[in-house]
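Colleague: Return a 3D structure for these sequence lines:
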Amino acid sequence: MIDLKSWRLTEAFTASVNRTPFYKTISMELVKLSRRGAVARIRSDRRHMNVWGTVHGGALASLADSACGFSVVPHLKEGETIMTVSLQIEYFATVLKGDVTARGRMVHRSRRLASAEAVIEDNKKNLVARGHGTYIILSSSNRDGTADSGSKSAGKTRTE
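Modeller: Below is the predicted model:
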């Protein structure tokens, strides 16, 4: 697990993220992280292609999710982490090969949710896709992924 408090040590944090198995598997890298946002990139090759010979939309969605999610990290408080609640993607163009870069920025943060957006461009700076993510903010008291609504019924199902 990556220490989210260390994000200010940009090089060390970025290196930790880029060593994670998922990032290595899809050749994704966190390029830049600051309070202004995050930049992530996939160096696409034949492994990223769909049956039509273009970069798979799932790879682009993962890129958007990462850029959006990491743009929230500098705004977290001690002991907080995030988990994706929803991700919406709009695709505008196909990518045949080359680098695909996402630039994410946090749009809003409340006590329990954060919202972020990302713009994805190809290596010629053409707009490829746009994404929007919503993230639940987890603390040590709700790390299991349930939101703490402050009521006694939080986390219970209707049949309980």
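Colleague: Just the buried positions in the longest helix anywhere in the chain, please.
Modeller: Criterion DSSP state H: the longest helix present in the chain is helix 57-72. Buried residues in helix 57-72, defined by neighbour count with 16 or more other Cβ atoms under 10 Å: 59-72. (Glycine included, C-beta is placed from N, CA and C.)
Colleague: what do you get for stretch 29-43?
Modeller: E29, L30, V31, L33, G37, A38, V39, A40, R41, I42.
Colleague: same question, stretch 113-127
Modeller: Those would be A114, S115, A116, E117, A118, V119, I120, E121, D122, for stretch 113-127 by 16+ other Cβ under 10 Å.
Colleague: helices and strands around the helix or strand containing the fourth one, which ones?
Modeller: Yep, that's E117 we're talking about. If you go by DSSP states H and E, E117 is part of strand 113-122. With contacts taken as 3 or more Cβ pairs under 8 Å, 6 or more residues apart in numbering; DSSP states H and E, strand 113-122 sits against helix 57-72, strand 98-109, strand 127-138.
Colleague: so can I have a markdown table of the buried residues of stretch 113-127 showing distance to R105 and pLDDT?
Modeller: Listed next are these as a markdown table, based on distance: Cβ to Cβ, whole Å; pLDDT from 0 to 100:
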| residue | distance to R105 | pLDDT |
| --- | --- | --- |
| A114 | 11 | 98 |
| S115 | 10 | 98 |
| A116 | 6 | 98 |
| E117 | 6 | 98 |
| A118 | 8 | 98 |
| V119 | 9 | 98 |
| I120 | 13 | 98 |
| E121 | 14 | 98 |
| D122 | 20 | 97 |
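Colleague: circling back: ok, so of the buried residues of helix 57-72, who is nearest D99?
Modeller: L63 (10.6 Å; Cβ to Cβ).
Colleague: Tell me where the model's unsure across this structure.
Modeller: Along the chain, the model assigns pLDDT under 70 to residues 1-9, 141-160.
Colleague: residues contacting the most centrally placed residue in it?
Modeller: Note on the chain: the residue nearest the mean C-alpha position is S66, at 2.2 Å, using Cα atoms, centre = their mean. Neighbour list for S66: Y23, M28, L30, A38, A40, A102, G104 [criterion: Cβ atoms under 8 Å, 6 or more residues apart in numbering].
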